[in-house]
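# could you work out the structure for the sequence below:
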Amino acid sequence: MKSIVKWLAATSTLVLPLLGAQAGAAGTADSVVKVFSQMRLPNPVRPWVKQNPIEVMGSGVVIARNRILTNAHLVVYADEIFVQGGQGGDRVEAKVAAIGPGIDLAVLTLEDETFFAKRPPIARASKIPEITSRVAVQGFPVGGNSLSTTQGTVARIEYDIYETGAAGLRIQVDAAINPGNSGGPALVDGKMIGLISGHAENIGYIIPNQEIDDFLTDVADGHYEGKPYIFDQFQTMENEALRSKLGLAKNVRGLMVREPKRRDPSYPLKEFDILTRIGTVEIDNEGMIQAQDNLRLSFMSQVPKLVHDGTVPVSVLRAGKTIEVALPVSREPDHLLRGYDGSYPSYFVCGPLVFSPVVSNAISFYFQYNPQLAGRNSPLTTRRSDRARFPGEELVVVTAPLLRTRITKGYAYPFGQVVSEVNGTKIKNLAHLVELIRTCKDEYLTFRFAEDYAETLVFRRKAMLEATEPLMSENGIPRRGSDDVLAVWNGKIAKTN
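Next comes the predicted model:
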């Protein structure tokens, strides 16, 4: 959660008063707009409520078909969204038509389309700019009402992981970018090369048109599926001892497969395979491909272009022979711990305990409110970088302070502890935990936790269930669980894997 707030603070403007505007710059000025939203972020400690509302201001640009393109982080948890022209005037209500939190892009539509009468779609460049190209960034940073334009150069183009989670092409510029610029355009020769998405000291980051086009193609059906990725793990091939052990000739270039995504015999990649091509493009010993003149990118940049029926074509050198294989890709990350991804957390209340899946954004809060977790071999630390060991695996945590009642006498707060077992059965995910409690006929419910020195909590099952509604009422909890969990609790879905 801190990362979401930090991202908002760094790239947008938190505002309380309504801001006016003065006449903006010429050229693309009419295509650049202000975006205002009122957000309620997830609450990592009490998942049944949202955090208090905050107001956020950023920028957006008009694109084809009377739509506005902006950053996802400006609108992802918005209750209300308004758009205003750069020269002021009335704010017009907007709604999210499509959103990709990981790639940090969103499309807004307006009920009142007369807003677009004098605001044409911004002209967009068709090619990636050259390094050192002069760039102008536009938006509405804090400190003024009118459109701001600052100048700089394109410093770097790379394929990297965004702060918002996805991997993609990213343009780094040295133009001054400040809070409020987020969602505005970056321009080369008067045409947009991408959308401003963040900044650090003396540098700014741009989502290029190529990523924007992929996003717009993806959401054309109204649903965002996400980007396809390769989740096998690779190792560079520069070390001579490594190359000698593998018996590689000097002219062989590529990446070594260090850990295939799966090790079953049917999987097309094996440990120590050498990935030499993706499609028809050669991969060098650093995992890079020649994308265009004077531009090298990670071979991963080719995956969205080549994916077909869930696979990409690659060439592999195995035992001295070249093999052509169809390598599976996935749009679903296989990380055990993931972010909120634009959703509110699932949860379930049972007596004095509130359970929720561990979300990476919330981990710092668990340690903040329960410092004793440190040094106790918690999976929150030891498994933070793990892949899921099986489909649907989740870590389930006690996500709120113990709701005190007579049946908790003598127990310490288990806040932030990961549930390992219920009545001797290892927990797969939150739905599995709920199903175990729902179908249990034993006199007692016994909860064991994964951390060293963690108490085992034992409750009489009947007393625990009977205490649930009174404790919910006393603590202002309106519902026993989120919709997905209540479906399991009510026996409509028996989701245990």
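
# now residue 326, nearest residue through space, not along the chain?
Nearest non-adjacent residue to residue 326, counting by C-beta to C-beta, 6 or more residues apart in numbering: residue 311, 3.9 Å away. C-beta coordinates here come from the backbone N, C-alpha and C atoms, glycine included.

# what sits against that neighbour?
By C-beta atoms under 8 Å, 6 or more residues apart in numbering, residue 311 lies in contact with 326, 327, 328, 329.

# now with 10 Å, please.
With contacts taken as C-beta atoms under 10 Å, 6 or more residues apart in numbering, residue 311 has the following neighbours: 228, 268, 325, 326, 327, 328, 329.

# wait, a strand at the third one?
The reference is to residue 325. Yes - counting by DSSP: H, G, I helix; E, B strand; the rest coil, residue 325 falls inside a strand.

# which residues touch it?
267, 268, 269, 273, 275, 311, 312, 313, 314, 315, 316, 318.

# so which of those wins on neighbours?
With neighbours taken as other C-beta atoms under 10 Å, the top of the contacts of residue 325 is residue 314, carrying 26 neighbours.

# identify the bridge partners of that one.
Residue 314 forms beta bridges with residue 278, residue 325, as assigned by DSSP bridges.

# now residue 471: closest residue in space that isn't a chain neighbour?
residue 403 (4.5 Å).

# can you check residue 400 too?
residue 354 (4.0 Å).

# helices or strands next to the helix or strand harbouring that neighbour in the packing?
Per DSSP states H and E, residue 354 falls inside strand 353-357. Helices and strands touching strand 353-357, by 3 or more C-beta pairs under 10 Å, 6 or more residues apart in numbering; DSSP states H and E, are strand 348-350, strand 396-398, helix 430-439, strand 444-449, helix 461-474, helix 483-489.

# mind running it again at 8 Å?
Using 3 or more C-beta pairs under 8 Å, 6 or more residues apart in numbering; DSSP states H and E, the elements in contact with strand 353-357 are strand 348-350, strand 396-398, helix 430-439.

# how far off centre is it?
22 Å (C-alpha atoms, centre = their mean, to the nearest Å).

# do the same with stretch 145-160
Its chain's C-alpha centre and that of stretch 145-160 lie 23 Å apart, by C-alpha atoms, centre = their mean.

# of the contacts of residue 325, which is the nearest to residue 439?
Closest approach between those and residue 439, by C-beta to C-beta: residue 267, at 35.3 Å.

# ok, and the closest non-adjacent residue to that closest one?
In this structure, residue 267 finds its nearest non-sequential neighbour in residue 260, 5.8 Å apart by C-beta to C-beta, 6+ apart.

# is it correct that the one you found is in contact with residue 269?
Yes - at 4.3 Å, residue 260 and residue 269 qualify as touching, with contact defined as C-beta atoms under 8 Å.

# which residues do those two both contact?
Here residue 260 and residue 269 have residue 232 as joint contacts, going by C-beta under 8 Å, 6+ apart.

# which stretches of the stretch 151-300 of the chain form helices?
209-218, 240-245 (DSSP state H, counting those that start in this stretch).

# report the rounded mean pLDDT for the last one.
By that I understand helix 240-245. What helix 240-245 shows for mean pLDDT is 94.

# pull out the buried positions in it.
By 16 or more other C-beta atoms under 10 Å, the buried positions in helix 240-245 come out as residue 243.

# re the thing from before, are any of the contacts of residue 311 buried, and which?
For the contacts of residue 311, a neighbour count by 16+ other C-beta under 10 Å gives the buried set as 228, 268, 325, 327, 328, 329.

# let's have those in TSV, adding pLDDT and distance to residue 445.
Shown next, in TSV, are the buried ones among the contacts of residue 311 (pLDDT from 0 to 100; distance: C-beta to C-beta, whole Å):
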residue	pLDDT	distance to residue 445
228	94	42
268	97	45
325	96	49
327	97	45
328	96	41
329	96	42
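
# tell me if I'm right that the residue nearest to residue 471 and residue 411 touch.
No - under the criterion of C-beta under 8 Å, residue 403 makes no contact with residue 411, lying 11.4 Å away.

# more crowded one of the two?
The neighbour count for residue 403 versus residue 411, taken as other C-beta under 10 Å, is higher for residue 403 (19 against 15).

# contacting residues for the more buried one?
Contacts for residue 403 (C-beta under 8 Å, 6+ apart) come out as 351, 352, 353, 354, 471, 474, 475.

# pretty sure it belongs to a strand, no?
No - Residue 403 is assigned coil when assessed by three-state DSSP, not a strand.

# what about it, distance to residue 85?
Here residue 403 is placed at a distance of 50 Å from residue 85 (C-beta to C-beta, to the nearest Å).

# repeat that for residue 218.
For residue 218, the distance to residue 85 - C-beta to C-beta - is 29 Å.

# returning to that earlier point: out of the contacts of residue 311, who's nearest residue 391?
residue 328 (14.0 Å).

# any idea how far residue 176 is from the closest residue to that closest one other than its chain neighbours?
Residue nearest to residue 328 in three dimensions, not counting chain neighbours: residue 311, with 5.5 Å by C-beta to C-beta, 6+ apart. Distance, residue 311 to residue 176, by C-beta to C-beta: 44 Å.

# now do the contacts for the residue nearest to residue 267.
Counting by C-beta under 8 Å, 6+ apart, residue 260 touches 232, 233, 267, 269, 270, 271, 273.

# how about a cut-off of 7 Å?
232, 267, 269, 270, 271 (C-beta atoms under 7 Å, 6 or more residues apart in numbering).

# so what does the residue nearest to residue 328 look like in phi/psi?
Here is the backbone geometry of residue 311 (degrees, to the nearest 10): phi -140, psi 160.

# quick one, strands of the stretch 101-250 of the chain?
All strands of the stretch 101-250 of the chain, identified by DSSP state E, counting those that start in this stretch, fall at 105-110, 134-139, 148-161, 167-173, 185-188, 191-200, 203-208, 233-235.

# as TSV, those strands with mean pLDDT and mean neighbour count would be great.
As requested, the strands of the stretch 101-250 of the chain are exported to TSV (pLDDT from 0 to 100; neighbours: other C-beta atoms under 10 Å):
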stretch	mean pLDDT	mean neighbour count
strand 105-110	97	23
strand 134-139	96	24
strand 148-161	94	17
strand 167-173	95	23
strand 185-188	97	26
strand 191-200	91	23
strand 203-208	94	24
strand 233-235	96	16
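
# which one of the ones you listed lies closest to residue 490?
Counting by C-beta to C-beta, residue 490 lies closest to strand 105-110 out of the strands of the stretch 101-250 of the chain; the figure is 33.9 Å.

# for residue 82, give its distance to residue 416.
With C-beta to C-beta as the criterion, residue 82 and residue 416 are 38 Å apart.

# more crowded one of those two?
Each of residue 82 and residue 416 has its neighbours counted (other C-beta under 10 Å); residue 416 has more, 27 against 19.

# did I read that right, that one in a helix?
No - using three-state DSSP, the assignment for residue 416 is coil, not a helix.

# would you agree it is in contact with residue 397?
Yes - between residue 416 and residue 397 there is a contact under C-beta atoms under 7 Å: 6.1 Å.

# now the common contact residues for those two.
Both residue 416 and residue 397 are contacted by residue 366, under the criterion C-beta under 7 Å, 6+ apart.

# mind putting the strands of the stretch 101-250 of the chain in TSV, distance to residue 422 included?
Listed next are the strands of the stretch 101-250 of the chain as TSV, based on distance: least, C-beta to C-beta, whole Å:
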stretch	distance to residue 422
strand 105-110	40
strand 134-139	51
strand 148-161	36
strand 167-173	37
strand 185-188	52
strand 191-200	42
strand 203-208	44
strand 233-235	33
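
# distance between stretch 406-418 and the chain's centre?
In this view, stretch 406-418 has its centroid 32 Å away from the chain centroid, taken as C-alpha atoms, centre = their mean.
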